[in-house]
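Trainee: structure for this input, please:
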Amino acid sequence: MIDLGKINEAENILLDSIDYTNNNEVIEVALFYQYLSEKDNKFLENNNYTKEEVLSGFKQLLMKSGYSDLLYLLK
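Mentor: I've put the predicted structure just below:
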């Protein structure tokens with residue numbers, strides 16, 4: 001969905017169904033944000049998303065899943 005420009009839709013699907021206590025689901029969402037972080041600004045902007053939203057989403061994932069002690073790894 002990301003490559004089709006449906007970033008917000010994909011994010012909503014993931015976040016609406018995630019069990020933050022399930023490590024496999026947390027990893028799935030982390031990989032989603034990691035893949036998004038590899039996209040250039042132009043692609044993200046063309047699809048109503050930003051690098052700041054990628055970082056914010058990943059930070060929220062870490063906090064909600066109990067890994068807030070890893071926030072220091074993010075720039």
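
Trainee: what segments of this structure are strands?
Mentor: In the chain, no segments count as strands under DSSP state E.

Trainee: what's around the closest residue in space to N47 that isn't next to it in sequence, how many residues?
Mentor: Distance criterion CB to CB, 6 or more residues apart in numbering; nearest residue to N47, sequence neighbours excluded, is G5 at 4.2 Å. C-beta here means a position set from N, CA and C on the backbone, and glycine is covered the same way. Other residues within reach of G5, judged by other CB atoms under 10 Å, total 15.

Trainee: before we move on, what about S17?
Mentor: S17: 9 neighbours (other CB under 10 Å).

Trainee: show me what contacts the residue nearest to the spatial centre of the chain?
Mentor: Nearest residue to the geometric centre of the chain (CA atoms, centre = their mean): Y33, 3.1 Å. Counting by CB atoms under 8 Å, 6 or more residues apart in numbering, Y33 touches 54, 57-58, 61.

Trainee: let's see that with 6 Å instead.
Mentor: For Y33, the contact set (CB atoms under 6 Å, 6 or more residues apart in numbering) comprises 54, 57-58.

Trainee: just the pLDDT for the closest residue to Y49 other than its chain neighbours.
Mentor: Computed as CB to CB, 6+ apart, the closest residue to Y49 that is not its neighbour in sequence is I7, at 4.7 Å. For I7, the pLDDT comes out at 97.

Trainee: ok, now how distant is Y67 from D16?
Mentor: Relative to D16, Y67 is positioned 20 Å away (CB to CB, to the nearest Å).

Trainee: K6 and L14: what is the separation?
Mentor: 12 Å.

Trainee: try K42
Mentor: Taken as CB to CB, the span from K42 to L14 is 24 Å.
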